[in-house]
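K.L.:
Provided below are the primary sequence and the corresponding predicted coordinates.
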Amino acid sequence: MYRLTYLSILLLMIPAAISFQSSSTQPSVHITNSKCSSAILPSITPTSTSLQSTLDEATTETTSKNKKKKTWFPIRPADALSPSNDYNSLVKSAYLRHILVETEEMADLVMNLYLNGGKSEDIDNTQSSYEKTGGDVFSRLAVDVSTCPFTREDSGEIGWVDNPSNNREKAELNDVYADILSSKAIEELFSRRVKGGDVIKVEGKEGWHLIRVDDLYIQLVDETNATGSKNKINKDRPKLKGSGKVPLSPIFQKIGAETSNDGIDNDEAQAKMIYSVPNAKHYQILTSGCQMNVADSERIMGVLEGELGLTALESINAADPTLIASSDNKKSKNKKKPTPDILLLNTCTIRDHAEQKVYDALGPYAAMKREGKPLAIVVAGCVAQQEGEALLRRFPEIDLVLGPQYIPWLGDLLVEVGKGSQLCMTESMIWSEKGGSLATHKDSSREKDGDWMTPIKRGHSVRAWVNVIYGCNEHCTYCVVPSVRGVEQSRSMEAILQECLQLAASGYKEVTLLGQNIDAYGRDMIPKRTFADLLHYLNDNLPPNTISRIRYVTSHPRYFSERVIDAVANLDKVCECFHMPFQAGDDKVLKDMRRGYTFDSYMKIIQKIKAKAPDASICGDVIVGFPGETEEQFQRTLDLMEEVKFDNLNTFAYSPRPNTEAANWENQISPEVQSERLQRVQALAAKHALERSERYLGKVIEVLVEDRNPKNGGEVMGRTRQGRQVFFAGDIDELKGQLVNVEITEARTWSLVGSIVD
């Protein structure tokens with residue numbers, strides 16, 4: 001039975017019992033039903049005007065008396081798609097839930113309840129009724145208040161609804177839902193170019209709908225060499241120069257899929273040669289770069305194993321010691337060491353010479369392919385996105401160039417590779433949790449099931465990465481990230497929570513939320529959300545005694561919110577650790593970098609952190625030797641470091657990157673000056689880090705045990721809530737994943753030493 005407060009909400013759904021009266025101040029709700037006492041239901045203020053304003057702001061341009069500022073990137077991801085890869089060509093359907101109410105005012109009221117996590121200042125104890133919803137407040141509200149007889153008992157679930165503007169085929173599914181959503185409502189929904197996590201208010205035949213988009217089903221445009229598109233699919237590959245051989249790839253087959261060679265345009269002789277090769281079995285992935293790349297590799301491995309049934313080559317070697325034995329071992333001489341059927345390089349372009357490193361790594365494998373070995377070569381990550389089709393011209397042995405946004409489609413793309421195709425997939429893309437398929441592939445995934453996330457193979461059993469926002473809309477003059485990671489695209493809170501709940505059920509104790517600009521979370525959604533909202537949502541809905549620590553990276557000082565400081569200071573699961581890159585201390589250099597803040601504004605943030613979370617660690621990033629930086633300007637960087645005293649500081653000498661403004665400036669700093677400044681910064685950073693470590697001496701602190709000390713098998717390694725590494729004697733088999741109290745006996749620059757306290 002629902003609580004009395006929700007019976008009162010249901011009474012609100014009866015139009016005869018409600019009359020909305022406008023006044024010169026705020027409207028109020030008046031209950032005229034004699035059975036409803038004002039003591040049960042206090043006055044509630046609808047927010048139709050303000051909420052609709054928020055919705056409109058997120059999707060349409062509004063006029064302003066002030067001059068509109070130039071924007072570098074669109075806020076809505078659909079606006080960043082190219083004409084050759086537009087929304088209606090890509091989005092086949094959307095997985096929907098809805099709540100039907102009789103008036104627009106009630107739709108606004110329910111929307112506010114949803115956005116506030118089921119809490120309302122006007123209705124007593126609402127949160128207590130939503131404590132056990134698993135975080136899916138929308139579905140619970142659908143059960144409580146929706147008037148739709150078809151979906152109410154199914155938590156508002158509609159299922160897959162086809163995009164009527166998709167230009168491939170008739171929207172077949174929509175006739176099934178004619179009694180739930182009118183064709184006009186469906187058309188209006190897709191005209192807003194929605195994505196997962198959006199909630200749209202739409203008028204229907206029976207009242208007003210709140211429609212939540214759980215995910216999109218996307219079919220990739222597969223026309224070969226579409227005009228103006230960065231995506232290329234070559235189904236008729238020529239022979240490799242110098243070898244006279246057609247490049248071969250093993251066959252890739254999705255688990256449970258029927259073997260099919262449909263779609264091959266090559267002549268019969270080439271098709272026969274291609275399909276005489278064996279099925280792919282083993283893969284090898286080489287990863288470089290940041291935490292985002294590591295998380296992407298986990299998703300890639302999840303697809304290779306979960307969708308295609310492949311096994312990591314490292315697992316094979318670990319299972320058979322004779323394969324890695326010394327050369328004088330007779331067994332190893334007689335046993336052939338396996339090579340991968342697919343090599344995948346997940347690349348980084350943030351540092352100089354990144355492209356050359358990729359070319360060097362590709363050389364031996366390209367040689368294997370020229371010799372006739374059936375081998376699939378995939379280049380993924382930021383170098384893939386940056387270089388695109390140029391990689392195929394440089395190394396025609398490559399089978400697939402995969403931009404980061406196309407990982408959910410990797411399984412289907414490799415099936416095409418197994419058919420002899422060569423692909424480059426780097427065009428702008430809208431995010432989907434699962435992805436979809438190529439237009440020519442059988443549409444077998446669209447079942448009435450919203451829980452369909454790309455499989456992930458985690459690299460650790462205690463802590464995990466969880467992506468919350470992809471891309472970056474900033475335009476820092478030194479940074480290549482926006483051009484290789486695309487525009488910002490936030491995942492829905494529900495999808496993020498479901499991933500965390502799966503991790504909790506698997507025994508994980510810590511998650512790190514990832515985003516290139518994590519403070520921008522939610523500004524691309526309808527309605528807009530904030531990163532502070534997400535922190536509260538996760539903290540409130542993760543079950544007790546499961547995940548006990550939530551970390552996040554990376555913040556941007558321009559967007560950093562005081563609400564985030566409050567969340568870190570007050571929420572029990574959110575760790576007291578701030579990663580706040582400052583990059584430089586001089587205002588002129590910061591302006592040239594286009595960072596959007598000053599020395600003083602950055603220090604105001606730090607002062608607020610230290611006031612509200614005095615025990616928190618503060619970490620940062622800094623670049624020295626930026627074009628035009630004088631010795632006096634560099635000294636301001638040292639001044640800022642002295643004022644903050646960072647617990648940890650990532651230090652870099654500036655290096656020009658492709659497609660960035662600063663790379664073309666003439667006032668570049670010599671490598672000798674850069675090196676000297678970098679050494680000074682690193683020495684000061686080490687001094688401060690040791691000072692920050694010394695504050696733990698003699699204290700007993702909570703440590704989450706993660707791994708064995710690689711340099712001492714009798715010790716384990718864990719971290720404090722502030723992120724400091726701690727080493728102490730212990731058995732990893734007994735302690736891994738445990739929270740233990742450790743007394744600190746030694747402070748080192750970047751770590752601590754202690755002993756466990758019973």
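P.N.:
Received the coordinates, thanks. This one's a predicted model, so the numbers in the text were calculated from it and none came from an experiment.

K.L.:
which strand in this structure runs the most residues?
P.N.:
Counting by DSSP state E, the longest strand found in the chain is strand 208-220.

K.L.:
who does that strand pair up with?
P.N.:
strand 91-101 (antiparallel), strand 199-203 (antiparallel), strand 436-438 (parallel) (DSSP bridges).

K.L.:
what's the offset of it from the middle of its chain?
P.N.:
How far strand 208-220 lies from its chain's middle: 18 Å, per C-alpha atoms, centre = their mean, to the nearest Å.

K.L.:
Following the chain onward from that strand, which element is next?
P.N.:
From strand 208-220 onward toward the C-terminus, using DSSP states H and E, the following helix or strand is strand 232-234.

K.L.:
Adding mean pLDDT, mean neighbour count and distance to R76, write the strands paired with strand 208-220 out as TSV.
P.N.:
For glycine as for every other residue, the C-beta is placed from the backbone atoms N, C-alpha and C. Below are the strands paired with strand 208-220 laid out as TSV (pLDDT from 0 to 100; neighbours: other C-beta atoms under 10 Å; distance: least, C-beta to C-beta, whole Å):
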stretch	mean pLDDT	mean neighbour count	distance to R76
strand 91-101	94	26	13
strand 199-203	96	19	13
strand 436-438	61	22	20
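
K.L.:
could you dump these to TSV with distance to E631?
P.N.:
Below are these laid out as TSV (distance: least, C-beta to C-beta, whole Å):
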stretch	distance to E631
strand 91-101	54
strand 199-203	53
strand 436-438	55
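
K.L.:
Show me which residues of the longest strand of the chain are buried.
P.N.:
Buried residues in strand 208-220, defined by neighbour count with 16 or more other C-beta atoms under 10 Å: 208-220.

K.L.:
go on, stretch 740-752?
P.N.:
V740, V742, I744, A747, L752.

K.L.:
Quick one: mean pLDDT over that stretch.
P.N.:
Averaging pLDDT along stretch 740-752 gives 98.

K.L.:
residues of stretch 688-700 that come out buried?
P.N.:
Neighbour-count burial for stretch 688-700 [16+ other C-beta under 10 Å]: H688, A689, R692, S693, Y696.

K.L.:
one step back: average model confidence for the longest strand of the chain?
P.N.:
The pLDDT scores in strand 208-220 average 93.

K.L.:
What of stretch 119-134?
P.N.:
The model assigns stretch 119-134 a mean pLDDT of 58.

K.L.:
same check, this time on stretch 254-266
P.N.:
Averaged across stretch 254-266, pLDDT comes to 53.

K.L.:
Could you tell me the phi and psi values at the most centrally placed residue in the chain?
P.N.:
In the chain, the centroid-proximal residue (C-alpha atoms, centre = their mean) is N467; its distance is 3.0 Å. Phi and psi for N467, reported as degrees, to the nearest 10, are phi -70, psi 130.

K.L.:
What separation is there between it and P404?
P.N.:
To P404, N467 is 10 Å away according to C-beta to C-beta, to the nearest Å.

K.L.:
Redo the buried residues of strand 208-220 as a markdown table? Include distance to G486.
P.N.:
Below are the buried residues of strand 208-220 laid out as a markdown table (distance: C-beta to C-beta, whole Å):
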| residue | distance to G486 |
| --- | --- |
| W208 | 34 |
| H209 | 31 |
| L210 | 29 |
| I211 | 26 |
| R212 | 24 |
| V213 | 19 |
| D214 | 22 |
| D215 | 18 |
| L216 | 16 |
| Y217 | 20 |
| I218 | 15 |
| Q219 | 19 |
| L220 | 16 |
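
K.L.:
Among those, which one lies nearest to I255?
P.N.:
Y217 (19.4 Å; C-beta to C-beta).

K.L.:
and the closest one, what are its bridge partners?
P.N.:
Beta-bridge partners of Y217, as defined by DSSP bridges: S93.

K.L.:
can you pull the contacts of L141?
P.N.:
Contacts of L141 were listed using C-beta atoms under 8 Å, 6 or more residues apart in numbering, and they are I99, V110, L113, Y114, G118, G156.

K.L.:
can you confirm it is in a strand?
P.N.:
No - judged by DSSP: H, G, I helix; E, B strand; the rest coil, L141 forms no part of a strand; its state is helix.

K.L.:
and the gap between it and F582?
P.N.:
Relative to F582, and taking C-beta to C-beta, L141 is found at 42 Å.

K.L.:
now G723
P.N.:
When distance is defined by C-beta to C-beta, G723 is 18 Å away from F582.

K.L.:
Next, count neighbours for P149.
P.N.:
11 (other C-beta atoms under 10 Å).

K.L.:
likewise G459?
P.N.:
14.

K.L.:
residues in contact with the closest residue to it other than its chain neighbours?
P.N.:
Using C-beta to C-beta, 6 or more residues apart in numbering and skipping residues adjacent in sequence, the residue nearest G459 is E298, 5.7 Å away. Counting by C-beta under 8 Å, 6+ apart, E298 makes contact with I456, K457, R458, G459, W465.

K.L.:
Most widely separated two among these?
P.N.:
Maximum distance among the contacts of E298 (C-beta to C-beta): 11.9 Å, for K457 and W465.

K.L.:
between these two, which one's more packed in?
P.N.:
W465 (22 against 16).

K.L.:
Give me the secondary structure label for the more buried one.
P.N.:
Relying on three-state DSSP, one would call W465 strand.
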